[in-house]
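Student: give me a 3D structure for the following:
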Amino acid sequence: MAGWLRGKVKEVVSGDTLVIVGGTQGLTVPQEKRLTLSSLIAPRLGKRDGSTRDEPFAWESREFLRKKLIGQAVVFRVDYVVEVAGNKEFGSVFLQQGQQQENIALSIVQNGWAKVREVTGGPQQKQSPYIEELLKAQEAAQNGQLGLWNKDPSAIAASLGAIPTPDEFNAMTFFGSVGKGKPIAGIVEAVLNGSTLRLSLLPDRTPLTVAVAGVQCPSMGKRPAATAAPTADSNGTAAAEANGTDANGSAAPASGAVTAASIAASGVAAAAQQGPGGAEPLAREAKWFTESRCLNREVRVVLEGVDKYNNLFGSVFYPEEDKPANLAEALMQTGLAKAVEWSLNMMTNGAMRLREMERQAKQQKRGIWVNYVPQNTGQTKLSDSFLGKVVEVVSGDTLVIKDVNAGVERRVSLSSVRAPRAGGRDRAPEPYGLDAREFLRKKLIGKDVTVKMEYTRKIGPVMPGADGAAPAAPTAEGRDVMAFGNVELNNAKEGEDRNASEMVVARGFASVVRHRSDEERSSVYETLLEVEEKAKQVGLSMLCWFDGLLIYWGCLLLC
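Tutor: Below is the predicted model:
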């Protein structure tokens with residue numbers, strides 16, 4: 001305890017207590033130390049369950065320290081330890097301000113956000129080496145009625161406003177009142193895992209839990225059972241006050257203080273402990289990744305949806321170099337999260353980018369994908385484009401297009417959409433299959449189009465029946481490979497449909513395929529999902545849902 005250490009402030013627990021972490025490289029979880037400022041007593045924040053209320057000015061005291069220190073590099077040392085309070089450590093913390101070093105405890109007292117513990121135990125009492133300066137600063141703050149010394153009843157009442165408890169929060173009601181795609185601001189109070197955050201909304205401090213939309217990090221497992229710690233007051237004084245004295249003196253820390261790696265050597269406990277349920281691989285690394293960027297920061301959350309279990313999902317943006325950064329993208333890029341299809345489908349935008357980032361992380365075997373082995377999806381990615389003319393409409397999602405440069409006809413299925421089959425010589429058409437084909441024929445036949453090929457898919461043979469009969473021939477007239485692409489009209493007028501996939505989905509003649517995470521998909525996949533959702537909404541009066549397809553009863557009148 002004799003030396004000064006360097007570290008970075010990870011969390012501000014209250015107006016007098018910090019969590020400081022040492023240095024780290026890569027995804028390594030650093031060690032940390034919880035430190036209470038020597039000789040200070042800040043007002044206590046109430047418990048989340050509402051069993052205790054905030055003391056006057058507790059939130060303002062914490063906020064003063066949070067805004068000053070969160071994420072900042074500091075120099076600190078432990079002044080003394082109180083054994084009866086579970087070996088609670090008390091210390092001095094300095095913030096580097098240019099060539100000057102700011103005594104944090106002194107700044108808090110000068111602004112009136114903490115009291116100095118009374119000196120009652122004589123020369124053997126454990127106390128701050130800067131106690132005289134703290135007492136003088138407290139006297140000045142009292143005279144100026146600063147911070148918690150403010151005697152104005154209205155100010156005191158304002159600091160004690162009622163805060164809703166988590167049990168009073170209903171995610172569905174809240175989502176309905178704010179609206180999909182609308183941003184909210186809050187302070188991250190805790191990171192439960194890499195993709196789940198607990199926030200206090202601003203300005204009313206409503207507590208809520210948000211899951212990051214589109215991604216899922218490894219689970220931290222079950223929490224260990226809570227154990228009661230010995231009780232003591234803020235400065236931990238009890239019968240142990242005479243067990244030691246401060247041997248550090250009161251000199252300010254030298255600029256050449258010991259490096260942060262010394263925190264580990266000083267016996268700091270690890271940041272996270274193994275829970276009885278067991279954390280999944282890289283769960284702690286993902287949690288630390290999010291903590292280092294979001295914990296105790298003001299973030300912006302764009303609401304995306306609520307699931308059937310009343311869990312709120314949103315896109316989280318945290319401050320990075322004075323610019324908003326997307327947490328889901330940062331996790332995905334580092335390989336600490338996987339894409340979750342049902343959650344991606346909630347998102348207003350950005351889902352396709354997350355899918356592509358997951359694909360890159362898998363290919364480069366980053367993070368949780370270090371042992372990834374690609375699944376055989378029967379697909380091959382394509383990237384060629386060509387100009388052509390539609391010469392045949394096979395069905396509501398399949399065209400024959402003549403390549404004007406190569407002079408050959410190419411059969412193209414629309415990427416990521418499924419229309420009912422139009423039938424064949426020995427197969428009856430599916431319901432509305434002929435209507436879907438006729439709609440697309442009137443829109444595209446003989447028209448010049450631009451085709452961007454996107455992927456192929458192998459069509460496996462049909463398995464034998466239960467009676468041992470031979471398998472039927474491959475579908476699609478014997479073809480074993482289907483080519484999928486995005487087709488757009490070249491000379492569409494302003495306001496007219498351009499994209500073939502969008503027009504059939506918007507009219508209810510095709511549904512959007514829900515791909516597996518490893519499968520290729522349309523380059524306008526997000527737009528297709530939005531168009532389909534709008535078609536469903538319109539369907540309250542004009543559409544009906546039939547075998548998974550939206551059917552527009554009056555479509556022939558509009559064609």
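Student: going forward, measure contacts between C-alpha atoms and count neighbours the same way
Tutor: OK.
Student: for N491, which non-adjacent residue is closest in space?
Tutor: The shortest distance from N491 to any non-neighbouring residue, by Cα to Cα, 6 or more residues apart in numbering, is to D448 (7.4 Å).
Student: helices of this protein, start to end?
Tutor: Ranges of helices in the chain, per DSSP state H, are 58-69, 104-110, 131-143, 153-159, 171-178, 262-265, 283-294, 327-334, 341-344, 351-363, 433-444, 500-506, 525-538, 555-558.
Student: looking at those, which is closest to P218?
Tutor: The closest of these to P218 is helix 283-294. By Cα to Cα, the value is 4.7 Å.
Student: got the angle for the closest one vs helix 327-334?
Tutor: 130 degrees (axes from the mean of the first three to the mean of the last three Cα atoms, to 10 degrees).
Student: so for helix 283-294, mean pLDDT?
Tutor: Average pLDDT, helix 283-294: 95.
Student: stretch 68-75 too?
Tutor: Per-residue scores along stretch 68-75 average to 94.
Student: and stretch 84-103, by the same measure?
Tutor: Here the average pLDDT along stretch 84-103 is 89.
Student: again, but for stretch 325-343
Tutor: 94.
Student: in that stretch, what's buried?
Tutor: Using 16 or more other Cα atoms under 10 Å as the test for burial, stretch 325-343 gives 325-341, 343.
Student: what's the answer for stretch 280-293, then?
Tutor: For stretch 280-293, a neighbour-count test (16+ other Cα under 10 Å) marks 282-293 as buried.
Student: can you name the residues in contact with it?
Tutor: 10, 27-29, 71, 191-195, 217-221, 272, 318-320, 327, 331, 336-337, 367-368 (Cα atoms under 8 Å, 6 or more residues apart in numbering).
Student: show the buried residues in these.
Tutor: If we count by 16+ other Cα under 10 Å, the contacts of stretch 280-293 have these buried: 10, 29, 71, 191-195, 217-220, 318-319, 327, 331, 336-337, 367-368.
Student: among those, which ones are in strands?
Tutor: Counted as lying in strands by DSSP state E, out of the buried ones among the contacts of stretch 280-293, are 10, 191-193, 318-319.
Student: list the beta-bridge partners for the residue nearest the centre of the chain.
Tutor: For the chain, the residue nearest the mean C-alpha position is V212 (3.3 Å; Cα atoms, centre = their mean). Counting by DSSP bridges, V212 forms beta bridges with G314.
Student: so what's W369 up against?
Tutor: If you count contacts by Cα under 8 Å, 6+ apart, W369 has them with 335, 361-362.
Student: go with 6 Å
Tutor: Contact analysis of W369 by Cα atoms under 6 Å, 6 or more residues apart in numbering lists K362.
Student: returning to that earlier point: pretty sure the residue nearest to N491 contacts K389?
Tutor: Yes. If you go by Cα atoms under 6 Å, D448 and K389 touch, sitting 4.5 Å apart.
Student: for N170, see how far away V302 is.
Tutor: V302 is 17 Å from N170, where distance means Cα to Cα, to the nearest Å.
Student: the more surrounded of these two?
Tutor: Per other Cα atoms under 10 Å, whichever of V302 and N170 has more neighbours is V302, with 22 against 13.
Student: now the more buried one. Nearest residue, chain neighbours left out?
Tutor: P183 (4.2 Å).
Student: over to N371?
Tutor: Nearest residue to N371, sequence neighbours excluded (Cα to Cα, 6+ apart): K365, at 6.8 Å.
Student: swap in Q127?
Tutor: S39 (5.4 Å).
Student: what's the answer for N150, then?
Tutor: Nearest to N150 is I156, by Cα to Cα, 6+ apart, at 7.6 Å.
Student: next, count neighbours for that neighbour.
Tutor: I156: 16 surrounding residues under other Cα under 10 Å.
Student: check it and give its pLDDT.
Tutor: For I156, the model assigns a pLDDT of 90.
Student: quick one: low-confidence ranges for the stretch 201-350 of the chain?
Tutor: Applying pLDDT under 70 to the stretch 201-350 of the chain flags the ranges 223-277.
Student: show me which residues of stretch 86-95 are buried.
Tutor: For stretch 86-95, by 16+ other Cα under 10 Å, it's 88-95.
Student: ranges for the strands of the stretch 401-550 of the chain?
Tutor: Under the criterion DSSP state E, counting those that start in this stretch, the stretch 401-550 of the chain contains strands at 409-414, 417-418, 448-458, 481-489, 511-512, 543-546, 549-552.
Student: CSV please, covering these and showing mean neighbour count.
Tutor: As requested, the strands of the stretch 401-550 of the chain are exported to CSV (neighbours: other Cα atoms under 10 Å):
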stretch, mean neighbour count
strand 409-414, 20
strand 417-418, 23
strand 448-458, 20
strand 481-489, 22
strand 511-512, 23
strand 543-546, 15
strand 549-552, 23
